[in-house]
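In: sequence and predicted structure are below.
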Amino acid sequence: MKIISIITIVLILFSCNAQEKNKQDITIQKLTEMTTETFDIVTFNNNKINNEYNYLLEDKTKIQQMQAGYEDNLVYVEYKMPPKPEYFYDYKEYHNNGILKIKGKRFKQGAFQQGVWKRYDEMGKLQEEIDYDKPFKFTFEELVKLIKKEKDTINLFDKNTSIGRSTDKTGTFWYITYKKTSMRRERIKVDGITGEIIERSHYSHEDN
């Protein structure tokens, strides 16, 4: 029995050490992650008009590139907008040397940050990684299903429809805003954890 107990303890210790080493390896891997993605500054400069360059890919994805700031503070920004039925677009920001600085996805109608966003330094080394979906146990996909079950028809691609979200000490929430009748906007507040509709409201809004 003593031999069996000793073997069991050794196996447990080995397993714990292996798990700890695996965690350390993952941490080191993240700290040393490098990006090789760069911005094509030459092509941009050759095609820009008023510091902006727009073009379409074969699948109708719209690419919008621009530069902002000056000298050391100059950055290049790129929006990659796929056609419907995609809900999100890719946002990328590059350092003035062309190395990727920030990348992530935003919702087309509301621009909230979705999923994992990464930030790199001027050498391309990963500096920060944030999962903006983590606080929301009630996911975007589940929210879309909830919207489709609503008695009102809510078009997620309509210019008057937007989705936002927030998380702070008061809670984690989704906000859906849409047009039902003229000169007014409906608003639905949804619990970001349970998916429960917490509040329905409306407010005056001038149509345009």
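Out: Sure thing, it's come through. Numbering: from 1, shown residues only.

In: how about low-confidence regions in the chain?
Out: Low-confidence segments of the chain (pLDDT under 70): 1-31.

In: same thing but 50
Out: 2, 4, 6-29 (pLDDT under 50).

In: show me where it has its strands.
Out: 52-56, 62-68, 75-81, 88-94, 100-107, 113-120, 126-131, 162-168, 171-178, 184-191, 197-204 (DSSP state E).

In: mind checking which of those strands is nearest E37?
Out: strand 100-107 (4.3 Å; Cβ to Cβ). Quick note: C-beta positions are derived from backbone N, CA and C, even for glycine.

In: hey, C-alpha coordinates of that closest one in CSV?
Out: Provided in CSV are the C-alpha atoms of strand 100-107 (Å, rounded to 0.1, in the frame of the first residue of the first chain):
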residue,chain,number,x,y,z
LEU,A,100,1.0,46.4,-37.4
LYS,A,101,0.1,48.3,-34.3
ILE,A,102,-3.5,47.2,-33.4
LYS,A,103,-6.0,44.7,-34.9
GLY,A,104,-9.5,43.5,-34.1
LYS,A,105,-13.1,43.3,-35.3
ARG,A,106,-15.9,45.9,-34.9
PHE,A,107,-19.6,45.6,-35.4
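
In: ok, residues contacting that strand?
Out: Strand 100-107 is contacted by residues 35, 37-39, 75, 87-95, 112-120, 122, 124, 132, 140, 163 when judged by Cβ atoms under 8 Å, 6 or more residues apart in numbering.

In: circling back to that earlier point, of all the strands of the chain, which lies closest to L146?
Out: Minimum separation from L146 across the strands of the chain (Cβ to Cβ) falls at strand 184-191, 6.9 Å.

In: pairing partners for the closest one, with directions?
Out: Paired strands of strand 184-191, with direction, are strand 171-178 (antiparallel), strand 197-204 (antiparallel) (DSSP bridges).

In: distance between the first one and the chain's centre?
Out: Computed by Cα atoms, centre = their mean, to the nearest Å, the separation of strand 171-178 from the middle of its chain amounts to 16 Å.

In: how about that strand: buried residues?
Out: Buried residues in strand 171-178, counting neighbours by 16 or more other Cβ atoms under 10 Å, are found at 172-178.

In: and stretch 66-80, what's buried?
Out: Under the neighbour-count criterion of 16+ other Cβ under 10 Å, stretch 66-80 has 66-67, 76-78, 80 buried.

In: reformat those residues as CSV; add distance to K145.
Out: What follows is these, written out as CSV (distance: Cβ to Cβ, whole Å):
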residue, distance to K145
M66, 36
Q67, 40
Y76, 37
V77, 33
E78, 31
K80, 26
